[in-house]
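> Please find the sequence and the predicted model below.
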Amino acid sequence: MAKIVPFKAVRPARDKVSLVTSRSYDEYSPAELASQLDYNPFSFLHILNPAYINLQKASAETRFKSVRTRYEEFKHEEILNQEDAPVFYLYEIQSKNQVYSGIIAGTAVEDYQNNVIKKHEDTLEYRVEYFKDYLHQTGFNTEPVLITYPENLALKKWISTRKHKRPVYLFSSLNRDKHTLWRIKDDAEIDWLQQQFAGMKSLYIADGHHRSASAELLYEQDKASGNENLNYFMSFLICETDLKIYEYNRIIRDLNGHTKKQFLTALAKDFTVENKHMELWKPEKKYQFGMYLDGEFYALKLKDTNFSSVREALDAQILYNKVLEPLLAIHDLRNDERIEYIPGSKPITAIKEIIDSGDYQVGFILFPASIQEIKELADNNLIMPPKSTYIEPKFRSGLVVYEL
């Protein structure tokens, strides 16, 4: 039984929303960040990275306090405004090839702790602690946890019908995506939405494992304050059939001392290896892997597909067990500097270009994991290998803010 709650969100003034919202801070190159900060005085990036040159060497606490100060300035200038009463939102992202629709709401830390909200990725303690401190010092969060729910026909029909009403925002971002936001403030609609989610046995985190873990840690640290906002964290809830799950592809700097011939021979022990030459080949189904090596593409097809658990049957785990660890001596997928990850949303020509440049020697292209695999892992308290999935949609910073 899942619990969702409306909240008194802070969001941009209607006439400035396209200028305020931004991609996630980490997605900007230094040059892009500098450009945004120099030429767009309304960008939420001014809050996330105030005085971006002068604060580079400041302590975390000093930076976080500066973020809080800049956030309050945006509110004072009425670039950002707070709702008068708690609300839900219906949010749609329309890209060139996909439409994503979901509910923005507060989800319960208690549900996270009781495994009603289920996880499939491990977290790094230092990142959880760091973001907990960020939330504590700044007092707000603008990047919701992406949570998926089982298909619900009544909710699907409601979403379709609700889109015919006037939105509070309708704007396009620079990547040509169209964004539409509807405010759900009617008590009857709010109650009905809560009932729909109360009937769901489980929800699943698709993206945002560190953010949800930080919210729990902050709750445990500060719950004695009596601040009820700490009991929840902002989430973007989307039906599992509407998610787009990409793979994370791998590029490796060297062959661990193997010659090309030796490496291909070693691969042939577990895979059928087919040279595709210059064909831009991608896996067509599970247990297939693409490889780019020495200017040519290869199709690797696993010979033995009998596994005792869903985790061992994951393509990312198979690649690690059969290739990365035994042949290339990649033991630590998070920290080994010889491996990098390319999201499957990028074309495989990006992998070819990087390897052709000479900094990396071999690349592997995986088949995306399915939502069924993700749910089965979560249901069995199993964890995916690092960088197994790249999931869309991605939320825009500054569109909706949850205050703590």
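Yep, it's here. Numbering: from 1, shown residues only.
> all contacts plus neighbour counts: C-alpha atoms, from now on.
Will do.
> Return the distance of the single longest helix found in the chain from the chain's centre.
Scanning the chain for the helix with the most residues, using DSSP state H, yields helix 60-76. Distance, stretch centre to chain centre, for helix 60-76: 25 Å (Cα atoms, centre = their mean, to the nearest Å).
> for stretch 166-186, same thing?
20 Å.
> Quick check: mean pLDDT of it?
Per-region confidence: stretch 166-186 scores 96 on mean pLDDT.
> List the contacts of that stretch.
Applying Cα atoms under 8 Å, 6 or more residues apart in numbering, the contact partners of stretch 166-186 are 14, 17-18, 85-96, 163, 165, 190.
> try 7 Å
Identification of contacts with stretch 166-186 by Cα atoms under 7 Å, 6 or more residues apart in numbering yields Arg14, Ser18, Val87, Phe88, Tyr89, Leu90, Tyr91, Glu92, Ile93, Gln94, Ser95, Ile190.
> Tell me which of these fall in strands.
Using DSSP state E, the subset of those located in strands is Phe88, Tyr89, Leu90, Tyr91, Glu92, Ile93, Gln94.
> dump the residue contacts of the fourth one.
Going by Cα under 7 Å, 6+ apart, Tyr91 touches Ser101, Gly102, Ile103, Thr180, Leu181, Trp182.
> what pairs with the helix or strand that the fifth one is a member of, and is each one parallel or antiparallel?
Assigning secondary structure by DSSP states H and E places Leu181 in strand 178-184. Applying DSSP bridges to the sheet, strand 178-184 is found paired with strand 88-94 (antiparallel), strand 169-172 (antiparallel).
> Kindly format the C-alpha coordinates of the first one as CSV.
Right, strand 88-94. This file holds the C-alpha atoms of strand 88-94, laid out as CSV (Å, rounded to 0.1, in the frame of the first residue of the first chain):
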residue,chain,number,x,y,z
PHE,A,88,0.0,17.3,-7.1
TYR,A,89,1.2,17.9,-10.7
LEU,A,90,0.6,16.0,-13.9
TYR,A,91,3.8,16.5,-16.1
GLU,A,92,4.3,15.5,-19.7
ILE,A,93,7.6,15.5,-21.6
GLN,A,94,7.3,15.2,-25.4
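> which secondary element of this protein has the worst mean pLDDT?
Lowest by mean pLDDT, DSSP states H and E among the helices and strands of the chain is helix 30-39, with a mean of 86.
> in that helix, what's buried?
Buried residues in helix 30-39, defined by neighbour count with 16 or more other Cα atoms under 10 Å: Leu33, Gln36, Leu37.
> Next secondary structure element downstream of that helix?
Downstream of helix 30-39, the first helix or strand assigned by DSSP H and E is helix 45-48.
> how about low-confidence regions in this structure?
51-57 (pLDDT under 70).
> try it again with 80
50-58 (pLDDT under 80).
> tally of neighbours for the nearest residue to Gln113 once chain neighbours are set aside?
Excluding its sequence neighbours, the residue lying closest to Gln113 (Cα to Cα, 6 or more residues apart in numbering) is Glu216, at 7.8 Å. For Glu216, the tally of surrounding residues (other Cα atoms under 10 Å) stands at 22.
> Enumerate every residue touching the residue nearest the centre of the chain.
Nearest to the geometric centre of the chain sits Asp207, at 3.8 Å (Cα atoms, centre = their mean). By Cα under 7 Å, 6+ apart, Asp207 lies in contact with Val145, Leu146, Ile391.
> Look up phi and psi at it.
Per-residue torsions, Asp207: phi -150, psi 140 (degrees, to the nearest 10).
> My guess is Ile79 contacts Ala13. True?
Yes: with contacts counted by Cα atoms under 7 Å, Ile79 reaches Ala13, the gap being 5.5 Å.
> more crowded one of those two?
Ile79 (20 against 17).
> so what's that one up against?
By Cα under 7 Å, 6+ apart, the neighbours of Ile79 are Pro12, Ala13.
> ok, now Phe42?
Leu19, Val20.
> Would you mind measuring from it to Thr21?
Using Cα to Cα, to the nearest Å, Phe42 is found at 9 Å from Thr21.
> On the three-state scheme, the residue of the chain positioned farthest from its centre is what?
No residue in the chain sits farther from the centre than Lys261, which is 38.4 Å out by Cα atoms, centre = their mean. Secondary structure state of Lys261, per DSSP: H, G, I helix; E, B strand; the rest coil, is helix.
> So which residues of the stretch 301-404 of the chain form strands?
For the stretch 301-404 of the chain, applying DSSP state E, counting those that start in this stretch gives strands covering 339-343, 362-365, 389-392, 402-403.
> In CSV: those, plus distance to Arg176 and mean neighbour count.
Output for those, formatted as CSV (distance: least, Cα to Cα, whole Å; neighbours: other Cα atoms under 10 Å):
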stretch, distance to Arg176, mean neighbour count
strand 339-343, 20, 19
strand 362-365, 27, 25
strand 389-392, 16, 20
strand 402-403, 26, 22
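> Can you add distance to Ile318 and give those back as TSV?
Output for these, formatted as TSV (distance: least, Cα to Cα, whole Å):
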stretch	distance to Ile318
strand 339-343	16
strand 362-365	12
strand 389-392	15
strand 402-403	40
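> Now do the same contact list for Trp281.
Counted by Cα under 7 Å, 6+ apart, Trp281 has contacts Gly290, Phe297.
> Does it belong to a helix, a strand or coil?
With three-state DSSP as the basis, Trp281 sits in coil.
> wait, what's in contact with His120?
His120 touches Ile374, Leu377, Ala378, Leu382, Ile383, Met384, counting by Cα under 7 Å, 6+ apart.
> which one of those is nearest Gln194?
Distance to Gln194 across the contacts of His120 (Cα to Cα) is lowest for Ala378, with 23.4 Å.
> contacts for the least confident helix or strand of the chain?
For helix 30-39, using Cα under 7 Å, 6+ apart, the contacting residues are Leu45, His46.
> okay, it in PDB with CA atoms only?
What follows is helix 30-39 as a C-alpha-only set of coordinates in PDB (Å, rounded to 0.1, in the frame of the first residue of the first chain):
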ATOM      1  CA  PRO A  30      32.400  23.700 -18.200                       C
ATOM      2  CA  ALA A  31      31.900  25.800 -21.400                       C
ATOM      3  CA  GLU A  32      28.200  25.300 -21.500                       C
ATOM      4  CA  LEU A  33      27.800  26.100 -17.800                       C
ATOM      5  CA  ALA A  34      29.800  29.300 -18.200                       C
ATOM      6  CA  SER A  35      27.700  30.300 -21.100                       C
ATOM      7  CA  GLN A  36      24.400  29.700 -19.300                       C
ATOM      8  CA  LEU A  37      25.600  31.600 -16.200                       C
ATOM      9  CA  ASP A  38      26.900  34.500 -18.300                       C
ATOM     10  CA  TYR A  39      23.900  35.100 -20.600                       C
END
